[in-house]
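*Asks:* Take this sequence and fold it.
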Amino acid sequence: MLSLILVPLESFAEQLDIFTDNVIYTDNQPLFVYGKALPNENLIIRMFAPDGTIAKFEQIVTTSDGSFNMVLLTWPTSSTIFPYGTYTVEAISTVQTGLSKKIDVKFSSTTDLVGVPVERMVNTLVFAPETAAVNNPVRIFVQVTSDGLLVGGQPNELLQTSHVHLPSGQVQSLTTSFNILHQGLYFVDYTPEQKGTYVFHIVAFTQGTISHGSAATLVLSQDIGGVSEQIINLNSILDETSTELENLKSEIEGFGSTLKRASDNVDASVSSISKSVTNIEEASVQLNSLLFPIVASIAIIVALQIVIIARRR
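*Replies:* Residues are numbered from 1 along each chain as shown. Next up, the predicted model:
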């Protein structure tokens with residue numbers, strides 16, 4: 001009698017290998033994937049673009065000996081969807097407790113091994129204001145790219161070792177401070193509490209590749225915006241002062257014309273008084289000429305009376 005003994009998959013030693021037929025591919029070339037896993041195992045085959053997004057997703061069942069092979073895709077003409085860069089092909093086991101294996105391939109305009117190294121290029125750019133003010137928040141922007149594409153992900157994982165160097169020499173972590181603006185674009189609002197130079201050191205880690213970026217901000221007691229506002233207020237005050245000076249100048253000019261008219265009036269009055277004095281002098285002479293005969297006649301009469309009185313005695 002034939003008995004069938006079922007052996008669970010867990011009794012097999014873990015096994016998962018994945019290979020590609022080439023390392024560098026160009027337009028219209030097929031990407032052939034093969035390898036070995038457990039017999040009759042269901043595998044997930046994924047391909048990640050340089051920015052970490054899934055560009056291709058397939059499932060395959062291994063043969064009775066555990067081998068598998070497939071054409072994952074034929075490389076299309078380079079575009080914004082499939083740009084040149086480093087791609088990652090991953091095989092994931094569905095029964096071996098999430099076991100997975102990865103391999104990197106290069107999609108390039110040429111298959112020259114010498115001219116095209118198979119490596120992932122991750123770049124981190126940091127944008128920070130040149131100056132800021134104490135106790136005023138500043139916004140720091142971070143851009144992470146891989147082979148020119150924006151890299152998405154959770155910032156507390158992608159930027160987990162990022163930090164800021166304080167003017168005092170201390171280091172402050174920014175691990176939980178970042179927010180997502182867009183895939184590959186992140187920002188953090190930071191409030192400096194002391195004057196000096198702050199250096200924001202951003203560290204991006206994705207798919208085993210690390211990249212660094214830094215930016216410095218000089219923190220002052222008052223930022224350029226505050227100084228500009230004071231300058232604007234000063235200009236406004238100067239404009240008001242200039243207007244007042246113009247008004248005062250206009251009033252002074254009016255006062256000068258008034259003084260000139262008053263001076264002319266005084267001159268006219270003096271001339272009139274001078275003429276009056278002359279007229280009075282002429283009238284006095286005429287009066288004297290009239291009174292002189294009368295006074296002489298009175299004197300003669302008085303003398304005659306005195307003579308008459310003297311003879312009577």
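*Asks:* Past the helix or strand hosting residue 198, which element shows up next along the chain?
*Replies:* Using DSSP states H and E, the element containing residue 198 is strand 196-206. Downstream of strand 196-206, the next assigned helix or strand under DSSP H and E is strand 209-220.
*Asks:* Pairing partners for that following strand, with directions?
*Replies:* Neighbouring strands of strand 209-220 in its sheet, by DSSP bridges, are strand 131-133 (parallel), strand 196-206 (antiparallel).
*Asks:* got the contact list for the strand holding residue 198?
*Replies:* 52, 122, 124, 126, 128, 132, 140, 142, 144, 146, 151, 153, 158-168, 174, 190, 192, 210-219 (CB atoms under 8 Å, 6 or more residues apart in numbering). C-beta coordinates here come from the backbone N, C-alpha and C atoms, glycine included.
*Asks:* let's go with 7 Å and repeat that
*Replies:* 52, 122, 124, 126, 128, 140, 142, 144, 146, 151, 153, 158-159, 161-167, 192, 210-219 (CB atoms under 7 Å, 6 or more residues apart in numbering).
*Asks:* Going by neighbour count, which residues in it are buried?
*Replies:* 198-206 (16 or more other CB atoms under 10 Å).
*Asks:* Could you pull out the helices in this structure for me?
*Replies:* 155-158, 224-312 (DSSP state H).
*Asks:* Those: lowest mean pLDDT?
*Replies:* The weakest mean pLDDT among the helices of the chain belongs to helix 224-312, with a mean of 72.
*Asks:* which residues in the stretch 1-150 of the chain form strands?
*Replies:* 17-20, 24-25, 30-36, 42-48, 54-61, 67-74, 85-93, 100-107, 122-127, 131-133, 138-146, 149-150 (DSSP state E, counting those that start in this stretch).
*Asks:* Output the below-cut-off pLDDT ranges for the stretch 101-250 of the chain.
*Replies:* 113-119, 222-230 (pLDDT under 70).
*Asks:* how close does the residue most central in space within the chain get to residue 85?
*Replies:* Centroid check for the chain by CA atoms, centre = their mean gives residue 129 as the closest residue, at 5.9 Å. Applying CB to CB, to the nearest Å, one obtains 32 Å for the distance of residue 129 from residue 85.
*Asks:* before we move on, the earlier item: may I see the strands paired with strand 209-220 organised as a markdown table, with distance to residue 28 added?
*Replies:* Shown next, in a markdown table, are those (distance: least, CB to CB, whole Å):
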| stretch | distance to residue 28 |
| --- | --- |
| strand 131-133 | 52 |
| strand 196-206 | 29 |
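*Asks:* Understood, closing this out.
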